[in-house]
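Asker: I'll drop the sequence and a predicted model, then ask my questions.
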Amino acid sequence: MELLNVHHPLVFVFGLLGNIISTGVYFAPMPTIIEICKKKSTMGFQSLPYVVSLFSALLWLYYAFIKGGDTFLLISINTLGTFIESAYIIIFLLYATPDTKKQTFKALAATMMLCLVISLGSLLSFQGSTRVLVVGWICVGISICVFAAPLTIVFQVVRTKSVEFMPLSLSCFLTLSAMMWFAYGLSLKDICVTVPNILGFLLGVVQMGLYAYYRNASCKETSMAEKKPKEHIINLSILSNSEVHPVDSGRSSEADENEKKRPHDDADACGIEVVKLDTGVIVIGEGWQLTVLSGGG
């Protein structure tokens, strides 16, 4: 069958690499699915990413079938993606709450209806290369939406200055996948495969750049925080009518042997011990003294 033949060596190489890397991308949510199965709860996760991925895989599968030629590797990866995403959705539905199940069924029904409209509409309205081109550009639009979805995480990273919610491994896999499929589309001279993967590659590079930048920034802040000496701060607002002025370091303070020491009531409330002397002077640091002008008990 002509559809399953791959004649061009570069198409085969880049398509095979794209299949391998994209398989890793499809299996990336597996830890989340395993956790859902263990806890028998969706734990607040949403099914929409799986539904959108299923929609994308089905459209690309349809595109590859109607185009023919060296599209076997495009068919193979999207067939695998269809099965994997379907399995994710079924597992999600098993453990979802009634409200979440209802939302998932609505999204799934809308997706299947849209797929049916696009496939039947293109078959009835267009022929030959025109049909391929129309379906191809619809696939481009869907792929751009899929690639743009992680932008919400990018904005969150910039806003919080934290890479906690940006998995580096997934960003790397998506970038490599975009590179392979871009090269595949270029070798196949298929603009509909090439265009969305340019955007995918650029977004992947941006994500990895942000990860490196904010990762280094957070490491520097942590290092500086560890090196910074501990400061002992006294809240002077608890002492009314007081002033702070330099003390001659050469002058030693002489206090009576019977100097009175007791905590200030307000200071105790703040967890600070204040020492009063009969001289009305409290030494709070080398070279500085606090003189209490309104001495009181």
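Answerer: Sure thing, it's come through.
Asker: So, low pLDDT: which residues of the stretch 1-150 of the chain?
Answerer: By pLDDT under 70, the weakly predicted segments of the stretch 1-150 of the chain are 1-7, 149-150.
Asker: just so I have it, where are all the helices in this structure?
Answerer: In the chain, helices defined by DSSP state H lie at 9-26, 30-39, 48-67, 72-95, 98-125, 128-148, 151-160, 168-188, 191-227, 265-270, listed in chain order.
Asker: ok, and for the third one, which residues are buried?
Answerer: Of the residues in helix 48-67, 50-64, 66-67 count as buried by neighbour count, 16 or more other Cβ atoms under 10 Å. C-beta coordinates here come from the backbone N, C-alpha and C atoms, glycine included.
Asker: Could you do the first one as well?
Answerer: By neighbour count with 16+ other Cβ under 10 Å, helix 9-26 contains the buried residues 11-19, 21-23, 25-26.
Asker: Which one of the residues you listed is nearest to Thr194?
Answerer: Phe14 (11.3 Å; Cβ to Cβ).
Asker: Contacts only, for the closest one.
Answerer: By Cβ atoms under 8 Å, 6 or more residues apart in numbering, Phe14 lies in contact with Met180, Trp181, Ala183, Tyr184, Ser187.
Asker: Based on its surroundings, how many neighbours for the first one?
Answerer: Number of residues near Met180 (other Cβ atoms under 10 Å) recorded here: 22.
Asker: Equivalent analysis for the fourth one, please.
Answerer: Burial of Tyr184, expressed as a neighbour count using other Cβ under 10 Å, amounts to 27.
Asker: Can you lay out the buried residues of helix 9-26 as TSV showing distance to Gln156?
Answerer: Shown next, in TSV, are the buried residues of helix 9-26 (distance: Cβ to Cβ, whole Å):
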residue	distance to Gln156
Val11	38
Phe12	39
Val13	37
Phe14	33
Gly15	34
Leu16	35
Leu17	31
Gly18	29
Asn19	31
Ile21	25
Ser22	25
Thr23	28
Val25	21
Tyr26	24
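Asker: Quick check: Thr100 touching Ser41?
Answerer: No - taking contacts as Cβ atoms under 8 Å, Thr100 lies outside contact range of Ser41: 10.2 Å.
Asker: Looking at the two, which one has more neighbours?
Answerer: Thr100 (17 against 13).
Asker: how much space between that one and His8?
Answerer: Separation of Thr100 from His8 (Cβ to Cβ, to the nearest Å): 45 Å.
Asker: before we move on, what about Ser56?
Answerer: For Ser56, the distance to His8 - Cβ to Cβ - is 25 Å.
Asker: Check Phe182 too.
Answerer: Remark: distance between Phe182 and His8 (Cβ to Cβ) = 16 Å.
Asker: Of these two, which one has the most company?
Answerer: For Phe182 versus His8, neighbours defined as other Cβ under 10 Å are more numerous around Phe182 (21 against 15).
Asker: How about that one: what's its closest non-neighbour residue?
Answerer: Asn197 (3.9 Å; Cβ to Cβ, 6 or more residues apart in numbering).
Asker: go on, Leu73?
Answerer: Nearest residue to Leu73, sequence neighbours excluded (Cβ to Cβ, 6+ apart): Gly15, at 3.1 Å.
Asker: which of the contacts of Phe14 lies closest to Tyr213?
Answerer: Looking across these and measuring by Cβ to Cβ, the closest to Tyr213 is Met180, at 25.9 Å.
Asker: Next up, the contacts around the closest one.
Answerer: Counted by Cβ under 8 Å, 6+ apart, Met180 has contacts Phe14, Gly15, Leu17, Gly18, Ile21, Ser22.
Asker: 10 Å instead?
Answerer: Val13, Phe14, Gly15, Leu16, Leu17, Gly18, Asn19, Ile20, Ile21, Ser22, Asn197, Phe201 (Cβ atoms under 10 Å, 6 or more residues apart in numbering).
Asker: quick one: the closest residue to it other than its chain neighbours and Gly24, what's the gap?
Answerer: Spatial nearest neighbour of Met180, excluding adjacent residues (Cβ to Cβ, 6+ apart): Gly18 at 3.8 Å. To Gly24, Gly18 is 11 Å away according to Cβ to Cβ.
Asker: what touches both of the two?
Answerer: Here Gly18 and Gly24 share the contacting residues Leu176, Ser177, scored by Cβ under 10 Å, 6+ apart.
Asker: one step back: which one of the buried residues of helix 9-26 is nearest Gln127?
Answerer: Val11 (25.7 Å).
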